[in-house]
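Peer 1: structure of the sequence below:
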Amino acid sequence: MSTEPPTTYRLTSAIELTGPGIRLREWTDADLPSLVDLFDEVETARWTPLASPFDAEAAREFLTKARQARAEHRSIQLAVTLDGGEPRGVIMLFVGLDGRRDQAELAYTIGAAHRGRGLAAKSVRLMTDYAYRVVGVHAVGLRIPSDNIASIGVARATGFVRTDAPTIVRDRRGSPFTLEMWLHRRLA
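Peer 2: As a prediction, the model looks like this:
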């Protein structure tokens with residue numbers, strides 16, 4: 001039985017992506033307190049499957065799982081920063097959307113103190129470009145609840161289009177969470 005992931009590509013071991021006014025970088029152990037500050041708040045609990053309350057233990061588990069998923073070539077989870085310093089949020093790239101090797105999925109959250117500044121859209125644009133150029137996928141998806149107006153705005157602003165795919169239900173701390181699929185296709 002192969003231990004290789006069901007992909008045709010490998011995720012690089014160290015990533016830093018930079019664009020106008022934004023830098024996506026690897027998480028470090030020094031970021032643990034920032035993780036708690038970013039993710040232990042009501043809107044993050046409302047829209048994400050992250051632990052709530054999000055405490056120091058949850059932060060350590062988050063980093064451990066992120067590093068394990070990277071080592072297994074399943075996902076990339078980067079800190080959203082302005083200049084490589086203080087984390088303002090996270091963006092995640094999961095390879096193999098719905099088992100398809102040519103597609104990936106993004107997820108993100110921006111800390112409450114940093115919302116409304118375009119960081120989510122900048123992060124989504126940078127990671128989508130990375131998924132096309134480096135990972136080699138042909139489409140990138142976002143799964144968004146129909147009532148998450150802010151994330152729908154980010155999807156539209158970054159060129160994602162709502163698909164007619166059936167909604168999916170995921171578990172969020174013991175409660176069902178219904179998500180719609182938004183897709184961005186690589187231009188030829």
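Peer 1: mind naming the longest helix for the chain?
Peer 2: Longest helix in the chain by number of residues (criterion: DSSP state H): helix 56-71.
Peer 1: can you tell me the strand partners of the next helix or strand after that helix and which way each runs?
Peer 2: Per DSSP states H and E, the first helix or strand lying C-terminal to helix 56-71 is strand 75-81. Paired with strand 75-81 in the same sheet, following DSSP bridges, are strand 22-25 (antiparallel), strand 89-95 (antiparallel).
Peer 1: list the contacts of N148.
Peer 2: N148 is in contact with W47, counting by C-beta atoms under 8 Å, 6 or more residues apart in numbering. C-betas here are computed from N, CA, C, even on glycine.
Peer 1: now it: how far from W47?
Peer 2: For N148, the distance to W47 equals 6 Å [C-beta to C-beta, to the nearest Å].
Peer 1: what of V137?
Peer 2: Separation of V137 from W47 (C-beta to C-beta): 24 Å.
Peer 1: the two - which one has more neighbours?
Peer 2: V137 (27 against 18; other C-beta atoms under 10 Å).
Peer 1: that one in helix, strand or coil?
Peer 2: Using DSSP: H, G, I helix; E, B strand; the rest coil, the structure places V137 in coil.
Peer 1: now it, nearest residue through space, not along the chain?
Peer 2: Excluding the flanking residues, the one nearest V137 by C-beta to C-beta, 6 or more residues apart in numbering is A104, at 4.6 Å.
Peer 1: the one you found: neighbouring residues, count only.
Peer 2: Residues lying near A104 (other C-beta under 10 Å) number 28.
Peer 1: buried residues in the lengthiest strand in the chain?
Peer 2: Longest strand in the chain by number of residues (criterion: DSSP state E): strand 175-185. For strand 175-185, the neighbour count (16 or more other C-beta atoms under 10 Å) marks 177, 179-184 as buried.
Peer 1: for stretch 93-112, same thing?
Peer 2: Buried positions in stretch 93-112, judged by neighbour count with 16+ other C-beta under 10 Å: 93-97, 101, 103-112.
Peer 1: can I get the longest helix of the chain in PDB, CA atoms only?
Peer 2: Extracted C-alpha coordinates of helix 56-71, given in PDB (Å, rounded to 0.1, in the frame of the first residue of the first chain):
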ATOM      1  CA  ALA A  56      -3.300  27.700  23.900                       C
ATOM      2  CA  GLU A  57      -4.000  24.000  23.600                       C
ATOM      3  CA  ALA A  58      -6.100  24.500  20.500                       C
ATOM      4  CA  ALA A  59      -3.300  26.700  19.000                       C
ATOM      5  CA  ARG A  60      -0.700  24.000  19.600                       C
ATOM      6  CA  GLU A  61      -3.000  21.400  18.000                       C
ATOM      7  CA  PHE A  62      -3.700  23.700  15.100                       C
ATOM      8  CA  LEU A  63       0.100  24.000  14.300                       C
ATOM      9  CA  THR A  64       0.700  20.300  14.800                       C
ATOM     10  CA  LYS A  65      -2.100  19.400  12.400                       C
ATOM     11  CA  ALA A  66      -1.000  22.000   9.900                       C
ATOM     12  CA  ARG A  67       2.600  20.600   9.900                       C
ATOM     13  CA  GLN A  68       1.400  17.000   9.700                       C
ATOM     14  CA  ALA A  69      -0.900  17.800   6.700                       C
ATOM     15  CA  ARG A  70       2.000  19.600   4.900                       C
ATOM     16  CA  ALA A  71       4.300  16.700   5.600                       C
END
